[in-house]
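> curious how this folds, go ahead:
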Amino acid sequence: MANLEEQDITCPFCGETITVFVDCSEDNQTYIDDCTVCCRPIEITTHCEEGTLISLNIGRS
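As a prediction, the model looks like this:
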């Protein structure tokens with residue numbers, strides 16, 4: 001069962017703040033999500049422990 005946590009991030013392309021949902025039921029993930037403002041691909045890397053988000057890194061894909 002997914003354990004989603006809402007996070008605001010800044011798009012590395014357009015600089016706008018957008019909201020993403022992180023699945024904290026998985027310990028480590030890297031995935032691509034498009035910016036909802038400029039539609040460019042953002043690489044999101046997360047690290048979770050025991051269902052809690054520990055770190056979130058974003059970059060240009």
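
> which strand residues bridge the nearest residue to Leu4 once chain neighbours are set aside?
In space, and not counting its chain neighbours, Leu4 is closest to Phe21: 4.6 Å by C-beta to C-beta, 6 or more residues apart in numbering. Where you see a C-beta, it was placed from the backbone N, CA and C, and this is true even at glycine. As for beta bridges, Phe21 partners with Glu6 under DSSP bridges.

> list the contacts of the residue nearest the centre of the chain.
Nearest to the geometric centre of the chain sits Ile44, at 4.5 Å (C-alpha atoms, centre = their mean). Shown in contact with Ile44 (C-beta atoms under 8 Å, 6 or more residues apart in numbering): 9, 20, 22, 29-33, 56-58.

> give the contact list for the residue lying closest to Glu49 once chain neighbours are set aside.
Among residues not flanking Glu49 along the chain, Asp27 sits closest, at 6.8 Å (C-beta to C-beta, 6+ apart). By C-beta under 8 Å, 6+ apart, the contact set of Asp27 is 47-49.

> in three-state terms, label Ser25 for me.
Secondary structure for Ser25, judged by DSSP: H, G, I helix; E, B strand; the rest coil, is coil.

> and it, what is it in contact with?
1-3, 48, 51.

> can you pick the most crowded of those residues?
Counting neighbours by other C-beta atoms under 10 Å, Cys48 leads the contacts of Ser25 with 20 neighbours.

> would you mind confirming that that one is in contact with Leu4?
No: taking contacts as C-beta atoms under 8 Å, Cys48 lies outside contact range of Leu4: 11.2 Å.
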